[in-house]
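A.B. asks: Sequence and predicted structure below; questions after.
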Protein chains: 2
Amino acid sequence: MEKILSLSKRRGFLFQSSAIYDGLNAAWDYGPLGVELKRNVKEMWWKSMVRNRVDVVGLDSSILMNPKVWQASGHLDNFSDTLVECSFCHQRFRIDDITNLEDCPNCDEHQSLSKPREFNLMFKTFMGAAIDTASEIYLRPETAQGIFINFSQVLNTSRKKLPFGIAQIGKAFRNEITPGNSIFRTREFEQMELEFFVKPGQDEEWHKYWIEQRLDWYISLGLRRENLRLREHGAKELAHYAKATVDVEYKFPWGWAELEGIANRTDFDLRQHSQYSKEDLSYFDEQTGNRFFPFVVEPSGGVDRATLAFLLDAYHEEEIQSSPNKKPELRTVLRFNQHMAPAKFAILPLSRKSELSELSHKIHSSLSGSFSTLFDDSQSIGRRYRRQDEIGTPYCITIDFQSLEDQQVTIRDRDSMAQERVSIDQLPAILRHKLNIES
Amino acid sequence: MEKILSLSKRRGFLFQSSAIYDGLNAAWDYGPLGVELKRNVKEMWWKSMVRNRVDVVGLDSSILMNPKVWQASGHLDNFSDTLVECSFCHQRFRIDDITNLEDCPNCDEHQSLSKPREFNLMFKTFMGAAIDTASEIYLRPETAQGIFINFSQVLNTSRKKLPFGIAQIGKAFRNEITPGNSIFRTREFEQMELEFFVKPGQDEEWHKYWIEQRLDWYISLGLRRENLRLREHGAKELAHYAKATVDVEYKFPWGWAELEGIANRTDFDLRQHSQYSKEDLSYFDEQTGNRFFPFVVEPSGGVDRATLAFLLDAYHEEEIQSSPNKKPELRTVLRFNQHMAPAKFAILPLSRKSELSELSHKIHSSLSGSFSTLFDDSQSIGRRYRRQDEIGTPYCITIDFQSLEDQQVTIRDRDSMAQERVSIDQLPAILRHKLNIES
């Protein structure tokens, strides 16, 4: 984990947020490579969940919602941690963490603790200018409710029939008491959620279906099967809306932890919103003439967690021997799946001389429209290869002086380090073929 | 405008947020088509600003930042509207709107107004659990500051030299007193911002460059030149950090209004953050041996505004005569540029019979991996064409019973309504060619 965080900072995947102001607790910024990796995670999710399916449509609902939404969903009443407060230093602690109170930083008197109280995890803010009419509103703690409250509008405009789903990617906020482990648990985070609406009675079957689909998604994008497992929630662990939940867990350096939860939310949310809003969110089945509340199966993944898992799983160190009389060197390489690699290609002119530069930029332009492509003319070619290995670029394209004469360039493979000389004419076709990415 | 809003709601571009709870003032949700349109806006911006350029890298910084950022940037002191408060009803009004006080809704006594006061437009919230140590923090009112505070980290990890830029797309929040005009001015909105760092003295030249580039971007994606203009800010209008600002304005139904501002921010932000953080954010020029603060040219666009402009500009009504003896009909068509169209293709099986369905799904699968493709078997083919025209789908592919025998399908062109029969084998290649979209 330390190695990955150090590489992430050094190469521009992840920076501590507000670092020049000593940071903000558990907030992170994605650097030039991190933003591309995270974009790939979201893009591949959208492709597999929305674009490639005829039974799912997308949505992008706002973070700020009418606060009645959180009353109906149960978040105002139930979305809380149980805390105790030290009556001297006024620090609050999760009752689960009570054994660690030895560390109470401001106070030696932590024997005197309040009775346990519920602390709501939603961030609160105020909208509007007039003091008296200013609305107290919340930053959404999950994107799911934005889908439920739009259920009828989406149903009517898309004219879908059950079973069908509504998918959304967006930010959510939780005032976590104990955030940590880099981007694994942060107060501001991004979710990718699908609410899949089915006929009651078919919910368990669809629950199974989505558990398999989601596990397969992570594997298909390169996570090793042995680092993934499914874990079913025990009765006490289940959220107030869920009938059953299975987590896809990843073997993080600190242990197994949730990447995504696939919950059977029953008809809880649509019923609640119908009751609170007086709008009927039930479904009319034309075939049977019945009206009912659909059940909901929800695969809910964390974008940041997935990004971290892809980063961790890609990390490899290996000894290489560049020539027989030299000592073996350590090579660090991120073996990203091609879809996940922040850059697919790096264009590396051997020198900064203008003749090479012109040709190199031309080659960059011919690729960058379709594929994320870096351009680097900054150091010795050996150091540039090492850098591209460390950031997981599948193919480097090196342009040398010979290229000006024979119109050929060298392709270097990240994993095998094999080099191959190809004609510039054929370069885009050859690279497209190697990439094996549909586009 | 009313026609567009009505179409947007009917077809699933835009919904009032929290509609079942009577909404939330000036908040909107993007429906299944709206989310795709907005994704296209962001994708094309990212492609043109980051991917196709060797002198720009991306970033994704967090919404929540250390509050010292807003002290240094001047937002805590300067980012405010001047308001007066009615001492009876406690409503507040922008001093600019003071002539409209006849409408004061709660009160007849609005003669008694307070002295003008500054009202900060940043949303405030509280982080952490302990009351005493809970930090008062803000939702960012612009994404730009997330770029400035990461300047050195990005510079060091990407090893770029001046001139170079850092680009970011993300949500920002402003507690506007008078939001309105649909998604034109909302309290929660999305920005696409580039901070382009240049040598002092070259800032005016680069300012001109970016004004041209950004105007061209809107035109290249289909906005009509006559609906766009450039407008320079007057001295009084300039933000506290700006030396000069030129807006790209669009002719909205209510008048000319800003799509994007291109500001010359000078070295204000980097200097301020250096001073407040005690971290040196200056730049060392290896060629001259000089150390200085780069100037910044900032093209800052609104994602939601651009989305609205593309929607408005695409709207066309035309009379068509389907046959000589019939009355002319009104056809509504969104003539989106192909990059902007929420769906590129719609697969329309003539009936729901299983033979057609199977072939149609196969054709859908062959296209949806690369291009957003709808599937619709819900109504008469005429009504489905009308629907696809109304949502701006460039090409419909109709599968009929003949298709089962001759392995041909019909392509219908949105704009000309011309139909052409092509072999299924060649369909992807033909459509790819028609689309004229690099991929």
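C.D. replies: It's in.

A.B. asks: which other residues reach stretch A:208-225?
C.D. replies: Residues outside stretch A:208-225 that contact it (CB atoms under 8 Å, 6 or more residues apart in numbering or on different chains): A:44-45, A:48, A:194, A:196, A:228, A:230, A:246, A:248, A:250, A:259-260, A:262, A:297, A:299, A:301, A:306, A:309-310, A:313-314, A:335-337, A:339-340. For the C-beta atoms, the positions are set from N, CA and C on the backbone; glycine is no exception.

A.B. asks: out of those, which are inside strands?
C.D. replies: Using DSSP state E, the members of those that fall in strands are A:194, A:196, A:228, A:230, A:246, A:248, A:250, A:259-260, A:262, A:297, A:299, A:301.

A.B. asks: Buried among the residues you listed? Make that a ChimeraX selection.
C.D. replies: Here is the ChimeraX selection string for the buried members of these, based on 16 or more other CB atoms under 10 Å in any protein chain shown:
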select /A:194,196,228,246,248,250,259,260,262,297,299,301
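
A.B. asks: Now pLDDT too, for the ones in strands among the contacts of stretch A:208-225, in TSV please.
C.D. replies: As requested, the ones in strands among the contacts of stretch A:208-225 are arranged in TSV below (pLDDT from 0 to 100):
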residue	pLDDT
A:Leu194	98
A:Phe196	98
A:Leu228	98
A:Leu230	98
A:Val246	98
A:Val248	98
A:Tyr250	98
A:Leu259	97
A:Glu260	98
A:Ile262	98
A:Val297	98
A:Pro299	98
A:Gly301	98
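
A.B. asks: thinking A:His339 is in contact with A:Asn40, fair?
C.D. replies: Yes: counting by CB atoms under 8 Å, A:Asn40 is a contact partner of A:His339 at 6.1 Å.

A.B. asks: what about the strands in the stretch 1-150 of chain A?
C.D. replies: A:14-16, A:28-30, A:56-58, A:80-85, A:92-94, A:117-120, A:124-127, A:135-138 (DSSP state E, counting those that start in this stretch).

A.B. asks: swap that for the stretch 301-439 of chain A, please
C.D. replies: Secondary structure of the stretch 301-439 of chain A (DSSP E, counting those that start in this stretch): strands at A:315-320, A:329-334, A:345-349, A:373-375, A:395-399, A:408-413, A:419-423.

A.B. asks: helices and strands around the last one, which ones?
C.D. replies: Judged by 3 or more CB pairs under 8 Å, 6 or more residues apart in numbering or on different chains; DSSP states H and E, strand A:419-423 is in contact with strand A:408-413.

A.B. asks: what lines up beside the strand it packs on in the sheet?
C.D. replies: Looking at strand A:408-413 with DSSP bridges, its partner strands are strand A:395-399 (antiparallel), strand A:419-423 (antiparallel).

A.B. asks: distance between the last one and the chain's centre?
C.D. replies: Using CA atoms, centre = their mean, to the nearest Å, we find the averaged C-alpha position of strand A:419-423 to lie 36 Å away from the chain's own average C-alpha position.

A.B. asks: for the first one, same thing?
C.D. replies: On the basis of CA atoms, centre = their mean, strand A:395-399 sits 30 Å off its chain's mean C-alpha point.

A.B. asks: for it, what is the average pLDDT?
C.D. replies: Taken as a whole, strand A:395-399 has an average pLDDT of 97.

A.B. asks: what comes into contact with that strand?
C.D. replies: Outside strand A:395-399, the residues within contact range by CB under 8 Å, 6+ apart are A:344-350, A:356, A:359-360, A:363, A:381, A:384-385, A:388, A:409-414, A:427, A:431, A:434-435.

A.B. asks: by how many degrees do that strand and strand A:345-349 diverge?
C.D. replies: Going by axes from the mean of the first three to the mean of the last three CA atoms, to 10 degrees, strand A:395-399 is angled at 20 degrees with respect to strand A:345-349.

A.B. asks: same question, the last one
C.D. replies: Using the same axes, to 10 degrees, the direction of strand A:419-423 lies 80 degrees away from that of strand A:345-349.

A.B. asks: Show me which parts of stretch A:405-417 are buried, residue by residue.
C.D. replies: Applying 16+ other CB under 10 Å to stretch A:405-417 flags A:Gln408, A:Val409, A:Thr410, A:Ile411, A:Arg412, A:Arg414 as buried.

A.B. asks: pLDDT wise, what is the third one at?
C.D. replies: pLDDT, A:Thr410: 97.

A.B. asks: how about the nearest residue to it, chain neighbours excluded?
C.D. replies: Distances taken as CB to CB, 6 or more residues apart in numbering or on different chains place A:Thr398 nearest to A:Thr410, at 4.3 Å, with adjacent residues excluded.

A.B. asks: Next, count neighbours for the one you found.
C.D. replies: Neighbour count for A:Thr398, taken as other CB atoms under 10 Å in any protein chain shown: 20.

A.B. asks: Name the residues that touch stretch A:147-156?
C.D. replies: Outside of stretch A:147-156, the residues within contact range by CB under 8 Å, 6+ apart are A:57, A:59, A:61, A:65, A:69, A:73, A:160, A:166, A:168, A:193, A:195, A:197, A:269-270, A:273, A:277, A:279, A:281, A:283, A:296, B:9, B:12, B:15, B:18-21, B:29, B:31-32.

A.B. asks: and chain A, what are its domains?
C.D. replies: Taking automatic domain parsing as the reference, chain A has its domains at A:2-65+A:123-311, A:80-120, A:343-434.

A.B. asks: end to end, how far does the longest one reach?
C.D. replies: Between the opening and closing residues of domain A:2-65+A:123-311 we find a distance of 12 Å, counting by CA to CA, to the nearest Å.

A.B. asks: now the strands of the stretch 1-150 of chain A as a markdown table including mean neighbour count?
C.D. replies: Output for the strands of the stretch 1-150 of chain A, formatted as a markdown table (neighbours: other CB atoms under 10 Å in any protein chain shown):
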| stretch | mean neighbour count |
| --- | --- |
| strand A:14-16 | 22 |
| strand A:28-30 | 25 |
| strand A:56-58 | 24 |
| strand A:80-85 | 19 |
| strand A:92-94 | 21 |
| strand A:117-120 | 15 |
| strand A:124-127 | 18 |
| strand A:135-138 | 17 |
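
A.B. asks: among the domains of chain A, where is the model least confident on average?
C.D. replies: The bottom spot among the domains of chain A, by mean pLDDT, belongs to domain A:80-120, with a mean of 71.

A.B. asks: Between the two ends of that one, how far is it?
C.D. replies: End-to-end span of domain A:80-120 (CA to CA): 4 Å.

A.B. asks: And for stretch A:301-320?
C.D. replies: 37 Å.

A.B. asks: where's whatever residue of the stretch 151-300 of chain A ends up closest to chain B relative to A:Thr143, distance?
C.D. replies: At 3.4 Å from chain B, A:Thr157 is the closest residue in the stretch 151-300 of chain A, using CB to the nearest CB. Distance of A:Thr157 to A:Thr143, given as CB to CB, to the nearest Å: 19 Å.

A.B. asks: ok so A:Tyr218 is a strand residue?
C.D. replies: No: with DSSP: H, G, I helix; E, B strand; the rest coil as the criterion, A:Tyr218 is located in helix rather than a strand.

A.B. asks: And the helices in chain A?
C.D. replies: All helices of chain A, identified by DSSP state H, fall at A:2-11, A:32-46, A:68-73, A:75-78, A:144-148, A:151-158, A:203-220, A:268-277, A:303-314, A:354-368, A:381-391, A:401-406, A:427-435.

A.B. asks: mind checking which of these is nearest A:Lys327?
C.D. replies: For the helices of chain A, the distance to A:Lys327 is smallest for helix A:381-391, at 15.2 Å, taking CB to CB.

A.B. asks: helices or strands up against the closest one?
C.D. replies: helix A:2-11, strand A:329-334, strand A:345-349, strand A:395-399.

A.B. asks: and the end-to-end length of stretch A:135-150?
C.D. replies: OK, stretch A:135-150 end separation, CA to CA: 22 Å.

A.B. asks: if we can go back for a sec, now for the ones in strands among the contacts of stretch A:208-225: which two are most distant?
C.D. replies: Pairwise distances among those were taken by CB to CB; the largest, 22.6 Å, belongs to A:Phe196 and A:Tyr250.
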